[in-house]
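Chemist: 3D model of this:
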Amino acid sequence: MNLTQNAANTLLVTSTDLVNNISTGSILVVEDSIAPVTVIGTPSQTTYNPIITLTGTTEALASVVVTGGSGAASTVADGSGNWTLPISLNLSVLNTLMATATDAAGNTGSASVNITHDATPIFLTMNVANQSVHAATFTFTGTTKSGATVTIASGTGSQTLTAPLSGNFTGTVNLVSNSANIVLVTAQDATLTTATGTFTITEDSIPPTITFVTPSGTTTASGSIVLQGTTETGANISIDNSGAITLGTAGGT
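Modeler: Predicted structure coming up:
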């Protein structure tokens with residue numbers, strides 16, 4: 001008997017015996033040729049976690065089987081078509097997870113999502129120390145996870161670069177003159193996990209002031225003289241008298 005497709009078919013059965021007694025009965029048969037629409041709500045992503053929870057929707061009460069992880073997992077959609085499954089991932093590789101829903105009539109529908117497991121945590125090492133410079137820019141180096149996005153921010157703006165396969169990167173920042181420039185470096189991998197570090201570069205373009213304690217015009221009968229004065233702490237001192245040079249480091253005096 002031919003059925004009306006994708007509809008409820010009421011079939012009437014009549015039985016007549018040899019003396020014309022008649023009995024009737026009916027049966028409802030639903031013809032369903034429509035594949036269940038299957039949607040995975042969990043987005044494609046990279047994760048450190050070895051187990052991910054997939055959520056999705058399909059036809060109410062359809063059975064759902066997910067493959068592509070370290071093993072198959074199955075469940076039954078609820079009366080609203082919602083389903084949830086924890087999936088164990090193959091480690092350190094791309095997992096293409098396929099969810100296949102089968103309804104009561106045997107129709108199937110499927111959807112897939114890519115989940116990459118990443119076993120390497122994000123890290124950041126910077127080869128730089130806090131220091132003072134007399135320059136308009138400052139260049140430094142660092143190391144992070146291969147492929148990580150590195151953002152370098154300071155008071156003059158920010159820049160973004162991608163760490164190469166080696167993980168070694170070089171950054172250059174513009175400095176605000178005569179100021180302490182705080183530089184924030186952030187590394188982010190595909191899991192959206194971050195590692196950060198900061199350092200301070202003080203740009204100093206102001207010449208050190210020299211003040212003499214020994215009066216100018218001092219007369220001495222000695223062949224030498226002890227000069228006293230003050231200048232910037234840590235400055236290198238050069239004293240020149242007709243080509244004779246004596247070097248020292250100031251402690252402020």
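
Chemist: Contacts only, for Trp83.
Modeler: The neighbourhood of Trp83, defined by C-beta atoms under 8 Å, 6 or more residues apart in numbering, consists of 55-58, 64, 75-77. Yep, even glycine has a C-beta here, placed from its N, CA and C like the rest.

Chemist: by contact count, what packs against the helix or strand hosting Val185?
Modeler: Using DSSP states H and E, Val185 maps to strand 179-188. Here strand 179-188 touches strand 124-126, strand 137-144, strand 149-154, strand 168-174, strand 194-203, going by 3 or more C-beta pairs under 8 Å, 6 or more residues apart in numbering; DSSP states H and E.

Chemist: For that strand, which outside residues touch it?
Modeler: Residues contacting strand 179-188 (C-beta under 8 Å, 6+ apart): 122-124, 126, 138, 140, 142, 144-145, 148-156, 163, 171, 173, 175, 194-203.

Chemist: Now the buried members of these.
Modeler: Among the contacts of strand 179-188, those classed as buried by 16 or more other C-beta atoms under 10 Å are 122, 124, 126, 138, 140, 142, 144-145, 148-154, 163, 171, 173, 175, 195, 199, 201, 203.

Chemist: can you name the two of the contacts of Trp83 that are farthest apart?
Modeler: Using C-beta to C-beta, these span at most 14.3 Å, a distance reached by Thr55 and Val76.

Chemist: I figured Thr211 hits Thr231, correct?
Modeler: Yes: when contacts are counted by C-beta atoms under 8 Å, Thr211 is listed as touching Thr231 (7.3 Å).

Chemist: And for Val39, the neighbour number?
Modeler: Val39: 13 surrounding residues under other C-beta atoms under 10 Å.

Chemist: That one - nearest residue in space that isn't next to it in sequence?
Modeler: Thr57 (5.0 Å; C-beta to C-beta, 6 or more residues apart in numbering).

Chemist: Return the set of residues that bridge with that neighbour.
Modeler: Val39, Asn82 (DSSP bridges).

Chemist: which residues touch it?
Modeler: 37-39, 41, 77, 80-83.

Chemist: how about the residues you listed, which pair is most distant?
Modeler: Of all pairs in the contacts of Thr57, the most separated under C-beta to C-beta is Thr38 and Ser80 at 14.2 Å.

Chemist: quick one, which of the two is more surrounded?
Modeler: Between Thr38 and Ser80, Thr38 has the larger neighbour count (other C-beta under 10 Å), namely 24 against 9.

Chemist: quick one: the more buried one and Val65 touch, right?
Modeler: No: in this structure, Thr38 is not within contact of Val65 by C-beta under 8 Å, at 10.7 Å.

Chemist: Spit out the residues that contact the two alike.
Modeler: 99-100.

Chemist: Against Pro215, how distant is the residue nearest to Thr144 when sequence neighbours are not counted?
Modeler: Nearest in space to Thr144, with sequence neighbours left out and distances taken as C-beta to C-beta, 6+ apart, is Ala187 at 4.1 Å. According to C-beta to C-beta, to the nearest Å, Ala187 and Pro215 sit 58 Å apart.

Chemist: ok, these two, which is more surrounded?
Modeler: Using other C-beta under 10 Å, the more surrounded residue of Ala187 and Pro215 is Ala187, with 25 against 6.
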